[in-house]
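K.L.:
need a 3D model of the sequence below.
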Amino acid sequence: MKTLLNRWGVYRLLNLGVTDQLGLESSVRVQLSNLVAILGIFSNIEYSIFFVIAGAPYYQIMNIIHIFVICSLIYVLYLNTRQRYFFSRILLIITISVPLFCVSTISFGTSGGFYYYFLMFAIVPFVIFPYEEKGWILFVFLMNTAFYIWFEFFGSPGNFKKGTLLYYKEVQDLFRINSVVSCLSFVALFMFYFLRNINRIQKEMTRINDHKDRIFSILAHDLKGPIGTISTYLGYITKSLPEREELLFGLNELKKSTNQTYLVLENLLDWVQNETQKTQCNPSNLNVSKILRNALDLLNIQATEKGISWETNISEEDCVYCDERMTATVLRNILSNAIKYSHPNNKVFIETEKNSNCLEIRFQDFGVGMDSDLIAKISEGKKFDSGFGTSGEKGTGLGLLVCKELLTEQEGSIQVFSKPMEGTKIIIQLPLAN
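P.N.:
The predicted structure follows:
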């Protein structure tokens, strides 16, 4: 069904004016405005044809009104594409209510039950206007209610010529039934669409709350240790004058804690930006060897403390077409994990290989490894709880997720091969430089 609607272009019409900057609730209201306008266009075309066939009185005048309504509703869609949502809603409400009042007054009266549509129009503002525009909601509701009361209690039947279809009561009853069924169908469609999107909003709120809890957890636990270490050593240095060896040891600890804090915050920032679709990719030709050396220098203290050495086989000429910050973040995360989960006094191998349209960078450690369930979660981009490193290091569980998202943003990919207690091999693919 969804594929069929896409083929007909219905989804494209419903999403006219919907942008990434709009929140989910605002997007739903724009979509509902588009839905009302589209239904109004087709309904007016349908009734224009029916009125000519049925010999409705003054059908020429009514068709002029229908043409005006159709043009106005098309303009409503145009206003949405120009992001003039407020004027679009006002024009929509006026276009669907006032012309119907005019048509019913000059031609049908209470015959055919067309005035039942005012009950439906009284509900429409509640789903297309935000609460902040409650004055307009009340105005439109009262206006359409007044129109309905006028025809129900003070209106008179239409004056149809003998011999035309509308002259016969049976045909008028069919129109009345059609009006009732159409109103109920439209209301059901609006409510179904609105409830469907309310469910989407609830899921989005749940997702946002989960992200908020995860962020607070990271800030409370993963940053508490490094910042506490920084505070302790700074307090020690300011209160006493340590020996050179103690000072160097303290400065190394400060640098290690600072690097760890920086990596956690950078991962957190990248993850939040990607989740909110605010990541900006600015690719350029990059030298892989240079970026890798910078990443190794940043993690040098952690690697040295643990006795981890690097075995690299990388050409100085290897270049990729990627975003420098994103690529550096990916390399730092993979190397940081290799240190964290490798056993002390071990090696990590890094090599590159050119393919037809990409550069492969391979990382191999011989640490604790991962099970198949964890690899599947990484491949699917799902959240997972990070385990402790071989020296008790705690991770955020964001590193590899951020890597996958940043690589996808750059038209790259990541593959993970691992077995518990046998180590992990990670292969990333990046587009070659032009």
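
K.L.:
switch to C-alpha atoms for all contacts and neighbour counts from now on
P.N.:
Will do.

K.L.:
quick one: the closest residue to Tyr58 other than its chain neighbours from Leu248, how far?
P.N.:
Of all residues not flanking Tyr58 in the chain, Ser107 sits nearest, at 6.6 Å (C-alpha to C-alpha, 6 or more residues apart in numbering). Counting by C-alpha to C-alpha, to the nearest Å, the gap between Ser107 and Leu248 amounts to 94 Å.

K.L.:
who has more neighbours out of the two?
P.N.:
More neighbours surround Ser107 than the other of Ser107 and Leu248, with 19 against 12 (other C-alpha atoms under 10 Å).

K.L.:
could you find the closest non-adjacent residue to Lys340?
P.N.:
Per C-alpha to C-alpha, 6+ apart, closest to Lys340 is Gly389, 4.8 Å.

K.L.:
about what we covered before: residues contacting the residue nearest to Tyr58?
P.N.:
Residues counted as contacts of Ser107 (C-alpha atoms under 8 Å, 6 or more residues apart in numbering) are Ala56, Pro57, Tyr58, Gly158, Asn159.

K.L.:
among the residues you listed, the buried ones, what's the ChimeraX command?
P.N.:
Buried residues among the contacts of Ser107 (16 or more other C-alpha atoms under 10 Å), as a ChimeraX selection:
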select :56,57,158
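
K.L.:
got JSON lines for the contacts of Ser107, with secondary structure and pLDDT too?
P.N.:
Below are those laid out as JSON lines (DSSP: H, G, I helix; E, B strand; the rest coil; pLDDT from 0 to 100):
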{"residue": "Ala56", "secondary structure": "coil", "pLDDT": "72"}
{"residue": "Pro57", "secondary structure": "coil", "pLDDT": "74"}
{"residue": "Tyr58", "secondary structure": "coil", "pLDDT": "75"}
{"residue": "Gly158", "secondary structure": "coil", "pLDDT": "72"}
{"residue": "Asn159", "secondary structure": "coil", "pLDDT": "74"}
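
K.L.:
show me which of the contacts of Ser107 is closest to Leu119.
P.N.:
Distance to Leu119 across the contacts of Ser107 (C-alpha to C-alpha) is lowest for Gly158, with 20.2 Å.

K.L.:
show me the contacts for that closest one.
P.N.:
Ser107, Phe108, Gly109, Thr110, Ser111.

K.L.:
need the nearest residue in space to it, chain neighbours excluded.
P.N.:
Closest to Gly158 by C-alpha to C-alpha, 6+ apart is Phe108, at 4.4 Å.

K.L.:
let's see the pLDDT reported for that neighbour.
P.N.:
With respect to pLDDT, Phe108 scores 75.

K.L.:
count of neighbours near it?
P.N.:
Around Phe108 there are 24 other residues, counting by other C-alpha under 10 Å.

K.L.:
any idea how far it is from Gly155?
P.N.:
Counting by C-alpha to C-alpha, the separation of Phe108 from Gly155 is 10 Å.

K.L.:
for Tyr116, same thing?
P.N.:
Taking C-alpha to C-alpha, one finds Tyr116 at 13 Å from Gly155.

K.L.:
then Met120?
P.N.:
Met120 is 19 Å from Gly155, by C-alpha to C-alpha.

K.L.:
then Tyr193?
P.N.:
Using C-alpha to C-alpha, we find Tyr193 at a distance of 34 Å from Gly155.

K.L.:
so which helix or strand takes in Gln364?
P.N.:
Assigned by DSSP states H and E, Gln364 belongs to strand 358-365.

K.L.:
quick one: contacts of that strand?
P.N.:
If you take C-alpha under 8 Å, 6+ apart as the criterion, strand 358-365 is touched by 318, 320, 334, 338, 342, 347-354, 423-432.

K.L.:
those in strands, which ones?
P.N.:
320, 347-354, 423-431 (DSSP state E).

K.L.:
ok now the strand holding Gln364, how far from the chain's centre?
P.N.:
31 Å (C-alpha atoms, centre = their mean, to the nearest Å).
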